[in-house]
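Engineer: Predicted model and sequence below, questions to follow.
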Amino acid sequence: MASAKETVAFTSILASALLTALKLTVGLLTGSLGILSEAAHSALDCAGTLLTFIAIRIGDKPPDDDHPYGHGKVESLAALAETALLFATSAWIIAAAVERLIHGGTEVEASWTAVGVMALSMVVDFFRSRKLTKVARETKSPALEADALHFRSDIYSSGVVILGLGLVYLGYPLGDPLAAIGVAIFVLRAGYRLGRKTIDTLIDTAPEGIDTVVRNALRDVRDVSRIERVRGGPRGSSVFVDLEISVGRTLPLERVAEIKAEVTERVQRDLPGADILVVTHPLALDDETILDQVHVIAASQGVPVHHVTVQHVEERISVSFDLEVDGRQSMAQAHVTASTLERGIRQELGDEIEVESHIEPLQTDAVTGTELPWSDFRRMRDEIEALADATPLLIDAHEIRIRATEAGLFLSLHCHVPPDASVEDAHDAVSALEQKIRHAIEGVRRIIVHAEPPAAAQVIGQA
C-alpha cells in the first residue's frame, strides 16, 4: 500500500506531465518564449517529481547493515539533483531571451488560449503546492518540500508570463523575452533556496537554535550534573541529536538508565520525531564521601569490596576494607589485585592516606549441596539453638538450614533480636554466634545469619 508521500508525489508527476504538454503546445502555436520557458520549467518539474517519487521509495526503507542510519539522505540527493536541473533551465531561458532581445525573433501571438493555459497552470500549482507542503510537514520530507517550493515559484512565474503576454498585446513585443527572464529569475531564486537547504542537510548542518532547545528541555532534570555537548543535524526526514551529559558516578545503573530515558523524552517533546542518542559520563561530585569514592574506585577496577571502614586519626585518614578475589588464585595474584586497588585509592584521595585491605575468597561458581542425614541435622540444629539462646541479645534461632558441599558445610539461619536493638549491636551478637558455631561444629565453610525483630515475619505476611 502506497504511503501518503508516494501518493502525493505520483499525483504531482501526472499534473506536471499534463501542464508540460499544454504549455509546450500553446508555446509552439503562439511562438511565446515565456510560455516555452514555462514548458521547459514544467518538464523539469516533472522529471524532478519523478526523481522525488523514486527517492521517497528508497528513503522510506528501514535501516539495514549497510545503512544503519536509514536511507533518508537519498531524498536530499534527489532535491540536489532538482536544483541542478533548475539552474540549467534558467541558463537556457536567459540565453534564449537575451538572443531575442538583441536580434529579435519569432512574432508572438498573445491569445486568450495562451492566457487561459497559464491561468490553469497557476490554479493547479496552487492546490498542488498546498498538498505537497501539508504532507512534507507531516512527514518531514525534504524532497516533497523541494517540490512544494518549485510549485509555489511556478505560480509567480506563470503570472510573469501572463504579464509578458499582456505587454505583447498592448504593442510591446519585448515584453515576452523580458517575461522569460523574469521566469528564469524566479527559477534561480527557488533553486538557490532549495540548494542551500539541501547542502545543509547533506553536510549535517545543525538546525538553528537546536542547542538552546535541548539545553532548555533539560534545565531541571534531576541528577543531570552538566550538559557536556549537544550535536544535531538533519538525517533524511528527521533530526538527529547526539547528547553528552555528566551524572554522578555513584549513581546506580538503574538510575542512569532512568535519566537517559527522561532526557530522551524531554528532548522529543520539543523536537518530535528526533532520533536521539544520549551518552552519559561519570562525574565526581563535591558531595561524595570517602566511602563513596572507595566503592567507585573498586567498581572501576572490577573488584568487589565490603566492610569499608573510614577512620579519622588526628590529621590522617585511614581506610580499611575486605576485598574478594577468586579463591583459586595464588596469593601472589591476589596481592597484585589488592595493591592495585590500594594504589588507585591513594591516587585519588592522596598519598598520605592509610589504606589496609583484607583478602577474602570469592565464590565464582555454584556449588552442589546435599541435605544431611536427619540424625546429623537434628544434632547440629539443637546445638545451634542452644548457642543462640546463650548469646546475649539473641532471642532464638529458627529456619535453620545445613547442607554439605565438597568445600564444607554451608549454614543459614534466622535469629530474633529486640526491635529497639541497634544494627551495630545486632551485628556484634550475630558475629559472636558465628564464632561459637565455628568452634562447636567442625567443617563449617560458610555461615549466613539473618537477624530480624520478632514481628518481622508477621509484617512480611501482612505485606
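Structural biologist: Everything's here; your move.
Engineer: Okay, strands next: where are they in this protein?
Structural biologist: In the chain, the strands defined using DSSP state E lie at 224-235, 238-248, 275-283, 305-313, 316-326, 354-362, 370-371, 396-405, 408-416, 444-452.
Engineer: Run the angle between the longest one and strand 275-283 for me.
Structural biologist: Read it as strand 224-235. 150 degrees (axes from the mean of the first three to the mean of the last three Cα atoms, to 10 degrees).
Engineer: What pairs with strand 224-235, parallel or antiparallel?
Structural biologist: Pairing partners of strand 224-235, with direction, according to DSSP bridges: strand 238-248 (antiparallel).
Engineer: quick one, helices of this protein?
Structural biologist: Ranges of helices in the chain, per DSSP state H, are 4-30, 33-59, 73-103, 112-139, 142-169, 175-202, 210-217, 253-270, 290-300, 331-349, 374-389, 423-440, 456-462.
Engineer: Could you measure from L251 over to E424?
Structural biologist: 28 Å (Cβ to Cβ, to the nearest Å). Where C-beta positions appear, they are placed from N, C-alpha and C, glycine not excepted.
Engineer: Sorry, slip of the keys, the one I care about is V224.
Structural biologist: The gap separating V224 from E424 is 36 Å, by Cβ to Cβ.
Engineer: In terms of neighbours, single out the busier of those two.
Structural biologist: Under the neighbour definition other Cβ atoms under 10 Å, V224 and E424 were set side by side, and V224 has more, 19 against 8.
Engineer: what's the nearest residue to the more buried one if we skip its chain neighbours?
Structural biologist: Distance criterion Cβ to Cβ, 6 or more residues apart in numbering; nearest residue to V224, sequence neighbours excluded, is I245 at 5.3 Å.
Engineer: what's near enough to touch that neighbour?
Structural biologist: I245 makes contacts with 218, 224-228, 259, 263, 278-281, as judged by Cβ atoms under 8 Å, 6 or more residues apart in numbering.
Engineer: Repeat the analysis, applying 10 Å as the threshold.
Structural biologist: 218, 221, 223-230, 259-260, 263, 278-281, 283 (Cβ atoms under 10 Å, 6 or more residues apart in numbering).
Engineer: Any of those residues buried? List them.
Structural biologist: Listed as buried from the contacts of I245 are 218, 224-225, 227, 230, 259-260, 263, 278, 280, 283; burial here means 16 or more other Cβ atoms under 10 Å.
Engineer: Turn the residues you listed into CSV, including pLDDT.
Structural biologist: Listed next are these as CSV, based on pLDDT from 0 to 100:
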residue, pLDDT
L218, 84
V224, 88
S225, 87
I227, 86
V230, 82
I259, 91
K260, 92
V263, 89
V278, 89
T280, 91
L283, 86
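Engineer: now, the most widely separated pair of these?
Structural biologist: Farthest pair in the buried ones among the contacts of I245 (Cβ to Cβ) is V230 and L283. Separation: 17.0 Å.
Engineer: In a markdown table, list the strands of the chain along with distance to M118.
Structural biologist: Listed next are those as a markdown table, based on distance: least, Cβ to Cβ, whole Å:
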| stretch | distance to M118 |
| --- | --- |
| strand 224-235 | 36 |
| strand 238-248 | 38 |
| strand 275-283 | 44 |
| strand 305-313 | 83 |
| strand 316-326 | 86 |
| strand 354-362 | 86 |
| strand 370-371 | 97 |
| strand 396-405 | 94 |
| strand 408-416 | 93 |
| strand 444-452 | 91 |
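Engineer: and I185, which of those strands is closest to it?
Structural biologist: Evaluated with Cβ to Cβ, the strands of the chain place strand 224-235 nearest to I185, the distance being 28.1 Å.
Engineer: contacting residues around T391?
Structural biologist: By Cβ under 10 Å, 6+ apart, the contact set of T391 is 397, 415, 428-436.
Engineer: Tell me the one of the residues you listed nearest A88?
Structural biologist: Comparing the contacts of T391 against A88 with Cβ to Cβ places V430 closest, at 87.7 Å.
Engineer: Thanks a lot, catch you later.
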